[in-house]
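Engineer: Coordinates for the following, if possible.
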Amino acid sequence: MRPRRYPPLHTPYSKPLKQPHVLPFSLDPSCSLALFSLRDNKWFDYSGNGNSGTFNSSVMLSSGRYGPTLYFTGSEWLALGNDQSFNVFSAFTLVAWINKNGSGHRVILSRGRGPSSEADGWEFSVDIDSKIRVSTHSSPSGGVYTFDLKSDAILDDNIWYCIIFTFDGTTGILYINGVNDNSSTGYFTSNTYNGFVGRRLQGSYFTGFIDLVLIFNRAFKKDEPLRMHDLQRVY
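Structural biologist: The predicted model follows:
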């Protein structure tokens with residue numbers, strides 16, 4: 001089979017070394033969202049669920065871990081809608097390659113977590129102390145956290161990290177660059193709220209690069225986070 005070729009990237013940044021032909025995680029039937037960029041300002045969902053999303057504005061393109069990636073300056077985001085294919089709550093895994101900069105609370109991926117009736121969604125974020133945080137509220141008015149986990153590690157600016165959170169229905173574990181960082185117990189609930197990359201419903205915009213976003217509707221096995229980190233780039 002002839003290799004797939006992609007059109008040239010119109011970008012002020014240097015051309016990526018190569019672009020992936022086949023991404024193993026996108027062939028996993030448990031993968032409900034597999035987002036990464038192959039063309040200017042376009043992300044595509046390779047899970048087959050068609051949740052490629054819509055950007056609110058023009059986004060800068062640069063070279064990332066898996067080829068071209070997107071740079072968020074603090075005013076852009078990707079709206080994913082509320083498709084039930086990524087309404088994960090009983091057992092699931094979130095994966096993102098990020099390279100942050102700046103300060104403040106910055107959301108990588110979310111579903112809900114806004115004012116009034118959507119305050120009980122979940123978010124996957126970099127907190128104000130530069131630690132990774134995964135949290136969810138229990139009621140439409142916000143209520144209390146039914147799950148709240150922070151990493152022990154503090155993330156530096158301008159460095160790539162593979163961040164993985166996996167939840168088996170009771171226990172959630174954070175992995176940073178394939179290494180078990182911290183864990184906690186609690187629960188998540190089903191919701192029909194809108195999902196976002198680069199913000200939550202109430203704001204908290206991300207600044208920096210988000211290279212790859214994956215959601216699986218199962219918990220990862222112990223060896224999978226390290227294998228996901230070591231995958232890095234597929235040729």
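
Engineer: What strand or helix carries residue 125?
Structural biologist: Following DSSP states H and E, one finds residue 125 within strand 122-126.

Engineer: for this structure, what spans make up the helices?
Structural biologist: Counting by DSSP state H, the chain has helices at residues 224-231.

Engineer: which regions of this protein lie under the pLDDT threshold?
Structural biologist: Within the chain, the ranges that satisfy pLDDT under 70 run 1-26, 37-42, 58-61, 63-67, 113-119, 138-143, 232-235.

Engineer: Who are the packing partners of the strand holding residue 125?
Structural biologist: strand 92-100, strand 106-111, strand 132-137 (3 or more C-beta pairs under 8 Å, 6 or more residues apart in numbering; DSSP states H and E). Any C-beta I mention is one placed from the backbone N, CA and C, and that applies to glycine too.

Engineer: Run the chain-centre distance for that strand.
Structural biologist: 9 Å (C-alpha atoms, centre = their mean, to the nearest Å).

Engineer: isn't residue 194 right up against residue 78?
Structural biologist: No. Residue 194 sits out of contact with residue 78 when judged by C-beta atoms under 8 Å, with a separation of 11.2 Å.

Engineer: higher neighbour count, these two?
Structural biologist: Taking neighbours as other C-beta atoms under 10 Å, residue 194 and residue 78 compare with residue 78 leading, 23 against 18.

Engineer: what about the more buried one, distance to residue 50?
Structural biologist: Per C-beta to C-beta, to the nearest Å, residue 78 is found 14 Å from residue 50.

Engineer: likewise residue 183?
Structural biologist: Distance, residue 183 to residue 50, using C-beta to C-beta: 33 Å.

Engineer: With neighbour numbers in mind, choose between the two.
Structural biologist: residue 183 (14 against 11).

Engineer: which residues touch the more buried one?
Structural biologist: Residues in contact with residue 183 (C-beta atoms under 8 Å, 6 or more residues apart in numbering) are 149, 171, 172, 173, 174.

Engineer: Serialize these to a markdown table and add fields for neighbour count and distance to residue 55.
Structural biologist: Output for the contacts of residue 183, formatted as a markdown table (neighbours: other C-beta atoms under 10 Å; distance: C-beta to C-beta, whole Å):
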| residue | neighbour count | distance to residue 55 |
| --- | --- | --- |
| 149 | 22 | 29 |
| 171 | 14 | 35 |
| 172 | 25 | 29 |
| 173 | 21 | 31 |
| 174 | 26 | 28 |
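
Engineer: Give me the subset of those that lies in strands.
Structural biologist: 149, 171, 172, 173, 174 (DSSP state E).

Engineer: out of the residues you listed, who's nearest residue 161?
Structural biologist: The closest of the ones in strands among the contacts of residue 183 to residue 161 turns out to be residue 174 (C-beta to C-beta; 11.2 Å).

Engineer: I figured the closest one hits residue 161, correct?
Structural biologist: No. Applying C-beta under 8 Å as the test, residue 174 and residue 161 come out as separate, 11.2 Å apart.
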